[in-house]
Structures are given as C-alpha cells and as structure tokens.
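S.K.: the following block contains a protein sequence and its predicted model.
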Amino acid sequence: SSAASDVYKRQLVGTPVQVQLLLSAFLRVPEMGFPGTFFVNVNGGHIMDYTDVIIIKGPVETLSFFSERLAETFYTELNKNVIAWDMKKPLESRHFIENIREKAVLITFNFIGLSGESQFMAEGTDGKETSVWDYYGIKKVCIMVDHPLYYRDQLEMINDCMLYCIDRQHVDFIRRYYPGKKVDFLPLAGTSLGEGGQKRDIDVFFAGNYVNIKPLEDRINMLDKDNREFCYSMIEDLKTNTGKGIDEVIEEHVRADIPDITREDMLMVTNKMMVIDLYIRSYFRQKIICNLAENGIKVHIIGKGWEKAGCKKPENLVLLGQRDSLECLRYMKRSKVSVNIMPWFKDGVHDRFFNGMAQGSVVVSDSSLYIDEIAKDGVEYLRFSLDDMQEIPDIVNSAVHREDIAKRGHMLVCSGHLWRHRAVEIDNNLKKYH
C-alpha cells in the first residue's frame, strides 16, 4: 500500500546499507485490506532498545500465517521490531539475528527452530553445539497447537522456554509430567478480513484435511494381539465417551494394567499413541462431513484426502483441494455456514471456530469446556454433539438463515479472540516473566 511505502521510504533515509538489507528481508504480509509490509523500527540507523520479536517462516503454512498475524500486532500496536527467520534463507536470517542478540524474543509454534534443526545450531564458547537462541541470549516462546504427547523429545530437551498450550487439559498434562516448565493457556484465535463486500454464494463450508483411517488401522494391526486389542479398546472408549481427553483415556487404560508405571514409561507410551489421536479425529471428521453430504447438503471443502473418505454421495462434496490460510478465510467470507469439528480439544478451541465468526459466517461446531465459557449455543454459534450425529444436518440447514447468530458471533470474536488479542497477552506475560 502507499502508506506502507511512505513508512519504508522514511525509514530508509540515512539508514546504513546493512540495515537497509535487513529491512528488505523482513516479513511480507498477505494482502488483507490493511498495509501489508512490516519493517523494523529504526532510530538513527540503530535498532531501538526495546524487545525485538523473531518469528519463523517455516515449512507449515498455517503456523507461518499465525506467526505473521502475531507479528502484525507486535509491530503496529506494541512497537516491537519484527524479524522473520526464513528457513529457505538461513544464512541471511542468521546474519540478521547477530544484530539484536539478547534484546530479542523468539515466538514459534510446535518447536520449529527448537528441535535441533541444523540451521538453528551454533558452536558454543565451550566448543559444544548449542542453539543460536542460546548462543545470542535470545528468549524463547513456543506455542503448541497439538497435544504435548507429540513433543516428548523437545519437552525433555528444552528448559528455559515459555510454553503455551491451546487446551487447558494440555496445560495440566505439562504440569503433571514436566512440573518445572513455565506453561500457560493461550487459545487459538481468528483473523478477520473485514466486514461486508462479499456475496455469500456458498451455503456450507469446511476447512480441514481427511487422514485416511485405513493406513492407521494397518499400523495398529501390525502390533501383537495384546497391544492391538489395547489400542482398539482405547479407540472404542473415546467413541463412547466423547468428553474424555486423549491423555485421560491413555492414562486410565495404562494404569489399569500397570498401576505403578513410572513417569518416563508413561511418557513413552503416550508418545507412541499418536495413532490413537489421529484415528479418533479422522473418524468423527469423516462421519460428520459425509453425514451432511449423504443428507443432501452440499459441502465445499478446502483440504486434502477427502476423495478417500468413502462418502456415499461424493457429488455433494465440492473438493477445492489444498489452499493456503488466506484462501480459506476468503471462502469462509463467501459462506453462510462454517462447520467446525474440534480436533479433540476438550478444554480449548480451534481457529476455525473463530475464523468462521470473524468472516461473518454462522459457525456450527461441537463444544468444549472452554467454548462453553465464552459462547452460548443459539446465540453466537450453533452447537452439535458427537453423541448425536443424526441431528447435525438439521442444525446445519437451520443455520443457513441465522444472520442474527452470525452478527453476534462476529461481535464475540472481534471483542477478544483475534490474534491481536493473543499478541497482547503474550506481551503482558513476557513483561511479568522476564
């Protein structure tokens, strides 16, 4: 935009070549109706003495998008310098980091940049390998958007990192098994493309991949008889008791067989049970979306794998393939109803829940303890139950005409559940923590 260009030109005047190069490599934000470029706050050619924020542009598009949304607020509202470490350009990125050192905070997702990747490593003063963050004294913040059971190795390895979980049950898991860790709850958030200006020509939309259950069953079936039956018993428990968290079910079943299991062994078992988590999420996702299609509801889907879902009326699934986060938001903005199926977050929320609201769609979703605290069924969204999937088509059909719910949902998310609100919360916690 012209406003961003003016800022850029002002900041470049009298700026040393090294800083100009640094500026040119900073984060480019997708066009979303607001100024689209972030630059460092320059004062006399030097980076200002205030917290610098580093984000990582990595291999997972969704997580890079979340990082960019946080970075926008850190720059525009909280007056922080923002640097994007581009994993496709590690040498350039490392050079930029040398200029800020201990004044910076890394904010990353799912331990990207903290998992021993070679481009983030350096030789310490003692000759031993260390991370660039530790080498330069950079503080670390990591937001886990999946259950901590996926990150056993990282959690054992990293000590001085502020951790966030997107589900309060995940926070409890960390506090039980890693009592020395600093961990807090940070729900996922939404991104708004602004109000109006879009015809709603799609009735029902869903964004999400389908993971084929058959290969997951093949993995389970390769186990010996006792372990195979053990896995399937947990899956059946989750199907029947849909309010239980994944770690709750694993722990119950393991302790029933091994009451005195050690912490280390329990963590090893839970880490190997990722297949259970993937299975139960895909099982309900397939059941719900195919149920809608088989009841005559046309569902537009962004996501891969749905051609293998085994839907009896595939003509009612409009498969749009894999798209980026911004395109998902644009389709939500075209949709009257946005369906959300929680990925087994029993005390948290998925960004789909807020993104649908932020785009003015009526969100139809299952609930969680956290959602029950912040939103009301029939007021800001329409709730369905995993225990009564036959009612879901009627709920979705009724949602198409509920513009009143869409308006109240939009008010809810814009009042406290956008990424800008999460950035402010992280900033406040950093001030207290450090």
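M.R.: Structure's in. What do you need? Numbers count the residues shown, from 1 in each chain.

S.K.: surely H300 and V204 touch.
M.R.: Yes - assessed by Cβ atoms under 8 Å, H300 is found in contact with V204 at 6.9 Å. Placement of C-beta: from N, CA and C, glycine included.

S.K.: now do the shared contacts for those two.
M.R.: Counting by Cβ atoms under 8 Å, 6 or more residues apart in numbering, the contacts common to H300 and V204 are S335.

S.K.: any weak-confidence spans in this structure?
M.R.: Counting by pLDDT under 70, the chain contains low-confidence residues at 1-50, 101-102, 197, 433-434.

S.K.: let's go with 90 and repeat that
M.R.: 1-51, 81, 91-104, 123-128, 136-137, 159, 194-199, 430-434 (pLDDT under 90).

S.K.: out of H300 and V204, which sits in the busier spot?
M.R.: Comparing H300 with V204 by other Cβ atoms under 10 Å, the one with more neighbours is V204, at 27 against 18.

S.K.: got the contact list for the more buried one?
M.R.: 292, 297-300, 335-337, 339, 396, 400.

S.K.: which residues sit against stretch 252-267?
M.R.: By Cβ under 8 Å, 6+ apart, stretch 252-267 touches 149, 152, 177, 230, 233-234, 237, 251, 269.

S.K.: rerun at 10 Å
M.R.: 148-149, 152, 155-156, 173, 176-179, 226, 230-231, 233-234, 237, 241, 244, 247, 250-251, 268-270, 273, 276 (Cβ atoms under 10 Å, 6 or more residues apart in numbering).

S.K.: off-centre distance for stretch 202-212?
M.R.: Offset of stretch 202-212 from its chain centre (Cα atoms, centre = their mean, to the nearest Å): 17 Å.

S.K.: just stretch 196-213 next, same as before
M.R.: 18 Å.

S.K.: that one: end-to-end distance?
M.R.: 39 Å (Cα to Cα, to the nearest Å).

S.K.: got the buried residues for that stretch?
M.R.: 200, 202-208, 210-213 (16 or more other Cβ atoms under 10 Å).

S.K.: could you single out the nearest of those to W419?
M.R.: A207 (16.8 Å; Cβ to Cβ).

S.K.: I'd assumed S338 was in a helix, is it?
M.R.: No - read with DSSP: H, G, I helix; E, B strand; the rest coil, S338 is strand and lies in no helix.

S.K.: quick check: bridge partners of it?
M.R.: F205, V363 (DSSP bridges).

S.K.: what about it, neighbour count?
M.R.: 31.

S.K.: same deal with H401?
M.R.: 11.

S.K.: just the element for it, please.
M.R.: For H401, there is no enclosing helix or strand under DSSP states H and E.

S.K.: can you give me the buried ones in the longest helix anywhere in the chain?
M.R.: If you go by DSSP state H, the chain has its longest helix at helix 274-294. For helix 274-294, burial by neighbour count (16+ other Cβ under 10 Å) applies to 275-293.

S.K.: stretch 374-390: which residues count as buried?
M.R.: 374-375, 380-384, 386.

S.K.: figure out how far stretch 87-101 is from the centre of its chain.
M.R.: Worked out by Cα atoms, centre = their mean, stretch 87-101 lies 25 Å from the chain centre.

S.K.: with just CA atoms, put that stretch into PDB.
M.R.: What follows is stretch 87-101, C-alpha atoms only, in PDB (Å, rounded to 0.1, in the frame of the first residue of the first chain):
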ATOM      1  CA  MET A  87      14.000 -21.200   6.700                       C
ATOM      2  CA  LYS A  88      14.600 -21.100   3.000                       C
ATOM      3  CA  LYS A  89      17.300 -18.400   3.600                       C
ATOM      4  CA  PRO A  90      19.000 -19.500   6.800                       C
ATOM      5  CA  LEU A  91      22.400 -17.700   6.200                       C
ATOM      6  CA  GLU A  92      20.700 -14.400   5.700                       C
ATOM      7  CA  SER A  93      18.500 -14.900   8.600                       C
ATOM      8  CA  ARG A  94      21.300 -15.800  10.900                       C
ATOM      9  CA  HIS A  95      23.200 -12.600   9.900                       C
ATOM     10  CA  PHE A  96      20.200 -10.500  11.000                       C
ATOM     11  CA  ILE A  97      19.900 -12.200  14.400                       C
ATOM     12  CA  GLU A  98      23.500 -11.200  15.200                       C
ATOM     13  CA  ASN A  99      22.400  -7.600  15.200                       C
ATOM     14  CA  ILE A 100      19.900  -7.900  18.000                       C
ATOM     15  CA  ARG A 101      21.100 -10.700  20.300                       C
END
